[in-house]
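Q: Here is my input, please return the structure:
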Amino acid sequence: MGKIRVAIIGVGNCASSLVQGIYYYRNAAESDSIPGIMHVNLGGYHISDIEFSLGIDIDKRKVGKDLAQAIYTYPNNTSVFVKVPKSGIKVVRGMTHDGLGKYLSQIIQKAPGSTADIPRLLKETKTDVVVNFLPVGSEEATKWYVEQVLDAGCAFVNGIPVFIASGGYWPRRFRAKGLPVLGDDIKSQVGATIVHRVLTTLFRERGVKLLRTSQLNVGGNTDFLNMLERERLESKKISKTKAVTSMLPYEMGAENVHVGPSDYVPWLKDRKWCHLRMEGQTFGDVPLNLELKLEVWDSPNSAGVMIDAIRCAKLALDKGLKGPITAPSSYFFKSPPIQYPDYIARRKTVSFIRRYGRKRSPR
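A: Sure, this is the predicted structure:
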């Protein structure tokens, strides 16, 4: 009960920020206010209660390394805000399937050898929660890993836009196995999606009719390189678009909404530039137009959210909850099983934590 054993699928930038963040805030006082974290003690679990059990990747530069070394290994290029000491946790060889696209295969070489026995390793390492950080478009690879997670009896947190928690088939599988799943597609602390949602809600609540909108994103990490392969973008575009349009009580028409990644700029590294444009109609049919540019470091921007999602997954696991965990999913993810306005999603998540949290002695 005291710890949360976490395995990571895909030891890229998001994994790097997550592992760094756990170490960086390991000694935080429960009264501290930490950017991007709901509570230092969430439902009885301190940030430091998260410990890593396994890293899974296919890159030969990472497989076999200590997790604390692999997170700094090229092509990872996110911000380094702390140096994590060796953990003793090794990165094992995972399954490729469609996880390695056309452009990523130009900079990543698969590790030799066969795929590790993932269910056995998850059981042997006493893993509680498995986090999916595979590249966008890894549809078949994600489904393969979900089968391994179900076999091993772990909770699953899906950080990418493959529809597992919000899909028709997979929620039934998790219910049948008596296991919780959170997802899909992690929502950053203050990223393009949440800003776009909030502004869309503002337009609606202030009586401005949103007629047309676009969200263009560029970045320099491997995710943006991977998404140059446009056919891998379908689920990402659906996820980001629905996250915005679900805030409106009317249909805008597909031709009036463009949301998605636009290009890869290597020197940006893990920074992302988001360009928003919103065209509305106000009183007297007078136009109102808004333009905004947002710049963030992409992976740290979601790491705190993932820390909270992991702890909510463990609370669900502790209480024997099964299937999609809708309240935390609605607050932490772009494509949850049920979309709520963000203030309602937060309120439901706070209620979930109060209801299912465990008592913990003060640190």
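
Q: C-alpha from now on. contacts and neighbour counts both.
A: Noted.

Q: which residues of this structure score low on pLDDT?
A: 1, 360-363 (pLDDT under 70).

Q: where do the strands sit along it?
A: Applying DSSP state E to the chain gives strands spanning 4-9, 41-42, 45-46, 50-57, 91-93, 129-132, 155-158, 180-182, 209-219, 257-264, 271-281, 287-297, 323-324.

Q: any idea of the angle the fourth one forms with strand 4-9?
A: This points to strand 50-57. Orientation check (axes from the mean of the first three to the mean of the last three C-alpha atoms, to 10 degrees): strand 50-57 against strand 4-9 gives 20 degrees.

Q: which helices and strands sit right next to strand 50-57?
A: Applying 3 or more C-alpha pairs under 8 Å, 6 or more residues apart in numbering; DSSP states H and E, we find strand 50-57 packed against strand 4-9, strand 91-93, helix 118-124.

Q: Pull out the buried residues from the last one.
A: Of the residues in helix 118-124, those with enough neighbours to count as buried (16 or more other C-alpha atoms under 10 Å) are Ile118, Pro119, Leu121, Leu122.

Q: Out of those, which comes closest to Lys102?
A: Nearest to Lys102 among these: Ile118, at 25.5 Å, using C-alpha to C-alpha.

Q: Near the nearest residue to the closest one once chain neighbours are set aside, how many other residues are there?
A: Among residues not flanking Ile118 along the chain, Gln148 sits closest, at 6.4 Å (C-alpha to C-alpha, 6 or more residues apart in numbering). Counted with other C-alpha atoms under 10 Å, the neighbours of Gln148 add up to 17.

Q: before we move on, the earlier item: save the buried residues of helix 118-124 as a markdown table, and put in distance to Leu268 too.
A: Shown next, in a markdown table, are these (distance: C-alpha to C-alpha, whole Å):
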| residue | distance to Leu268 |
| --- | --- |
| Ile118 | 35 |
| Pro119 | 37 |
| Leu121 | 36 |
| Leu122 | 36 |
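
Q: which of those residues lies closest to Pro35?
A: Leu122 (31.1 Å).

Q: Ignoring the adjacent residues along the chain, who's closest to the closest one?
A: Ala152 (6.2 Å).

Q: burial measure for that neighbour, as a count.
A: Other residues within reach of Ala152, judged by other C-alpha under 10 Å, total 19.

Q: List the residues that contact it.
A: Pro119, Arg120, Leu122, Lys123 (C-alpha atoms under 8 Å, 6 or more residues apart in numbering).

Q: Apart from its neighbours in sequence, what residue is nearest the second one?
A: Just to be clear, that refers to Arg120. Leaving aside its chain neighbours, Arg120 sits nearest to Ala152 (7.1 Å; criterion: C-alpha to C-alpha, 6+ apart).

Q: what do you get for the last one?
A: In space, Lys123 comes closest to Ala152 once its chain neighbours are excluded; the distance is 5.8 Å by C-alpha to C-alpha, 6+ apart.

Q: mind listing the helices in the stretch 51-200 of the chain by residue range?
A: Listed in chain order, the helices of the stretch 51-200 of the chain (DSSP state H, counting those that start in this stretch) span 67-70, 118-124, 139-152, 169-177, 192-205.

Q: can you list those helices in JSON lines and add distance to Val91?
A: Shown next, in JSON lines, are the helices of the stretch 51-200 of the chain (distance: least, C-alpha to C-alpha, whole Å):
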{"stretch": "helix 67-70", "distance to Val91": "6"}
{"stretch": "helix 118-124", "distance to Val91": "11"}
{"stretch": "helix 139-152", "distance to Val91": "16"}
{"stretch": "helix 169-177", "distance to Val91": "26"}
{"stretch": "helix 192-205", "distance to Val91": "31"}
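
Q: out of those, nearest to Val296?
A: Taking C-alpha to C-alpha, helix 192-205 is the member of the helices of the stretch 51-200 of the chain nearest to Val296, at 9.2 Å.

Q: which other residues reach that closest one?
A: 187-188, 209-210, 215, 240, 243-245, 247-248, 274, 276, 280, 294, 334.
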